[in-house]
Structures are given as structure tokens and as C-alpha cells.
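1. mind looking at a prediction? Sequence and model below.
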Amino acid sequence: MIILVINSGSSSLKYQVRDGDDVLAEGLVERIGEAEVPDHAAALDRVDHEVAEALGDRGIDAVGHRVVHGGERFSEPVLIDNEITRAIERLNPLAPLHNPAAVTGIRAITQKWPDLPQVAVFDTAFHRTLPEYAWRYALPDELYRTHGIRRYGFHGTSHAYVARGAAELLGVDAFTGVIAHLGNGASVTAVRDGESVDTSMGLTPLEGLVMGSRSGDLDPSILLFLLREGYTEKELNELLNRNSGLKGLTGTNDMRSVSEAAESGDKRAQTAIDIASYRLAKYVGGYHVAVGGAQALVFTAGIGENDDNFRSSVVGKLGALGLELDAERNAERSRRARVISTAASAFPVLVVPTDEEAAIAEATAGVVNGS
Ligand code: AMP
């Protein structure tokens, strides 16, 4: 089954065409809204052209959309119809940058290829199993009832995929442990018997770990303080989502540059790594408790898969849990799922590469074949 995986941004459209594990085509259309690509329909024409060239006389069988917010309703991927599209649209206030773009992408495809089955795969879905004591904030109930203010969690497609990969590597039916997805956005999830029981991102992807340009956890009074200092909502949003995290601490949001700077003796870069790895180590300790004793700690995504220095900085802070990295295994570069701890480590530390497109394509095929 040939599947087109679509990740729609407000001004970009990322796509991949897959047949099982084979990637037949992929690309990115940027600057949607400008003269050359006036709208998502025009972007799709471009994708259509590129895909047709790659596929020859074969055609696409289904489309899988990455949808950031599925709210409380969606705990699984679903076949899209008009009612589902409107339901995704109703969640716009919870993900004002992402959901409108996904809806635009869905409608553009419905118009261009009305007969093609489309599936929505939600970033929040895997976290629908969180117990109430983990998803509820200590705020008046009214805020939850009227505005849906609660923890939703994100990166769910990746965490679910990596949990399955970790279970396979460990030779168990269902994974119990802690997964750290460390990319430009970063989150950590506590998984018990294959289900998410806690996760660091909250109402939005801003909460939790130190990220490329997001602050992660803060004392909320900092916002009140800055409001009194005259910051506007727009400025606060920019500050916390675009100019904080590694970017705020070092000037760049790219961990590779931060790592290189730290290795050549840059103090600010080293401090940023210390702050980010300490924050993650605290979460791992907490989530070890949340899952009732982890079977493994798993690293994934750009930093988790490639930055041995950052991994050792995190695990070095987890001596109290009895974790110990094998320096040689940790330094090995590979695309394979692997163990990077010593035999003496209290539980294994793993690297399991994530592949969100593969997970979306798999989920899409599952829904289409089942319907
Ligand atoms: P992602 O969002 O999963 O693509 O991850 C992006 C992040 O991974 C960026 O901060 C990159 O600098 C970082 N990254 C990728 N490769 C490496 C590497 N070899 N060493 C350190 N960081 C890396």
C-alpha cells in the first residue's frame, strides 16, 4: 500500500511517500502564502508533480496526516470525514499554530483527490491513558471544564513507536520504562505496560524539558512579573517558544553547535548542557517512580540518537538509580536500536531511533485496511 504522509505547517508542507519500509519520495514545500506558492492547494500541486515523477504509473492509496492536537476525543488514528475535520478544527484554540494548518492540508487533499482515504494521526493520542492525577493541574475545575486546560502531552506517535521498538529489543511483550525524545522539541514519557502514564509536555508543547528554543518548566510567576514589566502576550509567546531554551542560554538552538562549543571550552555552552541534562535526569528519577520501576531508559530523536556527550551527561547524574553507560557502546554511531549501558547497570540504557513518518504510514495502513 502506497501512503503519502503529510505534515502541514502554517507556511510549509512536508511529505513522504512510503510503501512499507521503502521511502519512494520525500520533500518539503516552503513559503506557502508567498507569490510562487500562494496556498496549500498550490503546494499540493507541486507535491503531486514530484510524487508522480517518483511513482510512474503507480498511484497513492491513502494519505496519513500528522495532526498535533486530538484533544480528549481522539485516542487513536481515525479515518477522516467532514465531521472529523470539523472536530479537529474545533481544537484550534488548543493548538493555534498547528491544527489550522492540518485542517487546511486535509481540505486541500479532499478537494484534489476526493476519493482518496485520509487518516489523521494525533500527537496527543498515545497520552490519552494518563491517569487523572497526572493530567490534571492544581487549578479550579472550571478552567478544565470551560477551556479544557489540562495536560495533553505531545510527540505521542514517536513515543509509541519507540516503546514498541524498545519492547522488541528487550524481548518483552509491552515496554515499561522511560523514553526521552530529544529533538529540537523535547519530551520525556513514563510508559507502563506499553501505556503512557505521564509525560513532560502539558497543555502545549512548552512544558517540561529544556528545548532548542523553548524554556520548558518555569515558575509561572515569571510571566506575571514580565506582564507587570510591560511585556505583551505576543512578546511572551516569542520569548518562551522561540528565544528561550538552548537558544536563550547560548544564542543557538542547535545542539550540535552547542556540543561543539562546549567541547572547545565555551562555559555558557557547557552550562546549557548541564541545565538541560539535569532537568532530564530529574524527570527520569520521577518517572522511574511513576512506572513502578523502569525496565529501561531509552534515548531517541536527533539529540538522543546522535549526541553521546549529552547522553553521558544525563546518565552521569543517575548514579543513584544504579545506571552505568558503556563508554564504547555509547560512542558507537549507528541507525540500529541498541543497548549502550554496561552489564552492571541496574537496568539497560537504550538508543532506539524514532521514525514518525514510518509510524504515521503504519497507522494509516492499519486504519484503511481495517475500515
Ligand atoms: P530532531 O528535531 O529530532 O531532528 O533533532 C534536532 C536536534 O538534534 C538539533 O538540536 C540537532 O543539533 C541535534 N543533533 C543532530 N545530530 C546531532 C549530533 N551528531 N550531535 C549533537 N546533536 C545533534
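-> Ah, there it is. Residues are numbered from 1 along each chain as shown.

2. C-alpha only now, for contacts and for neighbours.
-> Noted.

3. give me the contact list for the helix or strand of the chain with the lowest mean pLDDT.
-> Using mean pLDDT, DSSP states H and E, the weakest-scoring helix or strand in the chain turns out to be helix 40-55, at a mean of 91. Contacts with helix 40-55, where a contact means CA atoms under 8 Å, 6 or more residues apart in numbering, come from 13, 15, 17, 24-25, 27, 29, 32-33, 37, 59, 104-105, 108-109, 112.

4. and that helix, C-alpha only, in PDB?
-> Extracted as PDB, the C-alpha positions of helix 40-55 are listed here (Å, rounded to 0.1, in the frame of the first residue of the first chain):
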ATOM      1  CA  HIS A  40      -1.800  24.800   0.300                       C
ATOM      2  CA  ALA A  41      -3.600  23.800  -2.900                       C
ATOM      3  CA  ALA A  42      -0.700  25.100  -4.900                       C
ATOM      4  CA  ALA A  43       1.700  23.400  -2.600                       C
ATOM      5  CA  LEU A  44      -0.200  20.100  -3.200                       C
ATOM      6  CA  ASP A  45       0.100  20.600  -7.000                       C
ATOM      7  CA  ARG A  46       3.800  20.700  -6.500                       C
ATOM      8  CA  VAL A  47       3.800  17.600  -4.300                       C
ATOM      9  CA  ASP A  48       1.600  15.800  -6.900                       C
ATOM     10  CA  HIS A  49       4.100  16.600  -9.600                       C
ATOM     11  CA  GLU A  50       7.100  15.400  -7.700                       C
ATOM     12  CA  VAL A  51       5.300  12.300  -6.500                       C
ATOM     13  CA  ALA A  52       4.000  11.400 -10.000                       C
ATOM     14  CA  GLU A  53       7.600  11.500 -11.200                       C
ATOM     15  CA  ALA A  54       8.800   9.200  -8.500                       C
ATOM     16  CA  LEU A  55       5.800   6.700  -8.800                       C
END
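
5. next, the buried residues of that helix.
-> 40-44, 47, 51 (16 or more other CA atoms under 10 Å).

6. got the residues of the chain near the ligand?
-> Residues of the chain that fall close to the ligand, judged by CA under 6 Å from any ligand atom: 183-184, 254-256, 301-303, 306-307.

7. elements contacting the lengthiest helix in the chain?
-> If you go by DSSP state H, the chain has its longest helix at helix 267-290. Judged by 3 or more CA pairs under 8 Å, 6 or more residues apart in numbering; DSSP states H and E, the packing partners of helix 267-290 are strand 177-182, strand 186-192, strand 195-199, helix 245-250, helix 255-263, helix 308-315.
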